[in-house]
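Colleague: below: sequence and its predicted model.
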Amino acid sequence: MNMKNHIVILVLVVALAACSKPKADESAQDDTLRKVLLQQLKNSHAHEEWFVPFVPALDGVTAEQAAWIDSTDNHSIGQLASHLAFWNGRILQSLQGNTPPEFKDDNKTTFRQLNEQEWTAVTKQLDSIQTEIEKLVENGTDAQVKEWSPTIANLSMHNAYHTGQILYIRKKNGWWKK
C-alpha cells in the first residue's frame, strides 16, 4: 500500500470514529440538561431546596382542610391537587409513548372537589406520577430528554405555581407550622 492509500484509510477511520459517537461537549450538554430537568422535577416534587415542593406542602392536610374554600372564586387545596394529578398524569402517559384520551372539557373541570377517599388517593397518585416522570427522565435517551425538556420545565413550573397557592391557603388558615 502506498502512502496515499494510508492517508485515505486514516481519514476514513477518523471520519467514522467522529460519526459513531457524540462529541464530548454534546454529551456533556445532554448530561447537564438531564441533571437540570431532574433537579427541577425533584424540587417541585419532594426535595425542598429554594421553595417548598408539593409533597411537604400537602403533608398533614386533612380532607376537611383540602375541601376548604374561601368566599371567592379561588380553588381549594383538593382542587389544586386534583388539577395537578390530572395534567401530570396526562404528561406521564405522553412521555411513556401513549396517547392520553382526548380532552375536550374546559380546564375548570380538572379542579375537582374531593371527598375524603379521593383526597387520600389523589395525594398518593400525584406523588406516584411525579416519581414515574423522574424515572423516565433519568433513564430516557438523550434524544428523548431533549424532546421532553420544554414539557418537563413547564410541568415543574406549573407544580411550583400551584404549590404556592396551596401554601398560601395553609398559611392563611394557620395550617402551616414550618
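Modeller: Sure, I can see it.
Colleague: now the residue lying closest to residue 49 once chain neighbours are set aside: which helix or strand?
Modeller: Sequence neighbours aside, residue 43 is the residue nearest to residue 49 in space, at 5.0 Å (criterion: CB to CB, 6 or more residues apart in numbering). Placement of C-beta: from N, CA and C, glycine included. Secondary structure assignment for residue 43, by DSSP states H and E: helix 24-45.
Colleague: give the buried residues for that helix.
Modeller: 30, 33-34, 37-38, 40-45 (16 or more other CB atoms under 10 Å).
Colleague: show residues contacting it.
Modeller: 22, 49-51, 53-55, 127, 130-131, 133-134, 137-138, 140, 142, 145-146, 148-149, 152-153, 155-157, 159-160, 163 (CB atoms under 8 Å, 6 or more residues apart in numbering).
Colleague: rounded mean pLDDT for that helix, please.
Modeller: Helix 24-45 carries an average pLDDT of 85.
Colleague: residue 149: what's it in contact with?
Modeller: Neighbouring residues of residue 149 by CB under 8 Å, 6+ apart: 33, 37.
Colleague: list the buried residues for the helix or strand that contains it?
Modeller: Using DSSP H and E, residue 149 falls within helix 142-172. Buried residues in helix 142-172, counted by 16+ other CB under 10 Å: 145, 148-149, 152, 155-156, 158-160, 162-163, 165-167, 169-170.
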